[in-house]
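**Student:** Predicted coordinates and the sequence they were generated for:
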Amino acid sequence: MKKLEKLMSIGDLPEVAVSNVPTLNQKTGTWRVYRPEVDKGKCIKCSICWRCCPEISIDIDKEGFPIIKYDYCKGCGICAYECPTTAIKMNREGK
């Protein structure tokens, strides 16, 4: 497999790779213990969180910042783990 020379942006992905429909369109956020919260001051708009989210619960706004769709986010923390600038923190739900 050819090594990527630079990070891809959402615009570089083929249209079929982009989906905004969460798994079976079922709301799953009610059983989350931790919720990701984005610090826009640290975010470099790399879209890694969007690409890594297994539940497609992250959208990208017009400015390029991630928007968490909490109705579908299960709180797995992959987005926070993969964020290169630690712009996403997992905080206890309800606090």
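**Tutor:** Noted; the coordinates are in hand.
**Student:** so who does residue 34 touch?
**Tutor:** The contact partners of residue 34, by CB atoms under 8 Å, 6 or more residues apart in numbering, come to 75, 77, 90, 91, 92, 93. Any C-beta I mention is one placed from the backbone N, CA and C, and that applies to glycine too.
**Student:** ok, now which ones touch the fifth one?
**Tutor:** Pointing back at residue 92 there. For residue 92, the contact set (CB under 8 Å, 6+ apart) comprises 33, 34, 35.
**Student:** ok, 10 Å please
**Tutor:** By CB atoms under 10 Å, 6 or more residues apart in numbering, the residues touching residue 92 are 33, 34, 35, 75.
**Student:** Among those, which pair sits farthest apart?
**Tutor:** The span of those, defined through CB to CB, is set by 33 and 35 at 8.5 Å.
**Student:** what residues are shared contacts of these two?
**Tutor:** Here residue 33 and residue 35 have 74, 75, 90, 92, 93, 94 as joint contacts, going by CB under 10 Å, 6+ apart.
**Student:** now, which of the residues you listed sits nearest residue 48?
**Tutor:** Out of the shared contacts of residue 33 and residue 35, the member with the shortest distance to residue 48 (by CB to CB) is residue 90, at 15.6 Å.
**Student:** Any idea how many residues pack against residue 72?
**Tutor:** 20 (other CB atoms under 10 Å).
**Student:** just residue 90 next, same as before
**Tutor:** As a measure of burial, residue 90 has 17 neighbours, counting by other CB under 10 Å.
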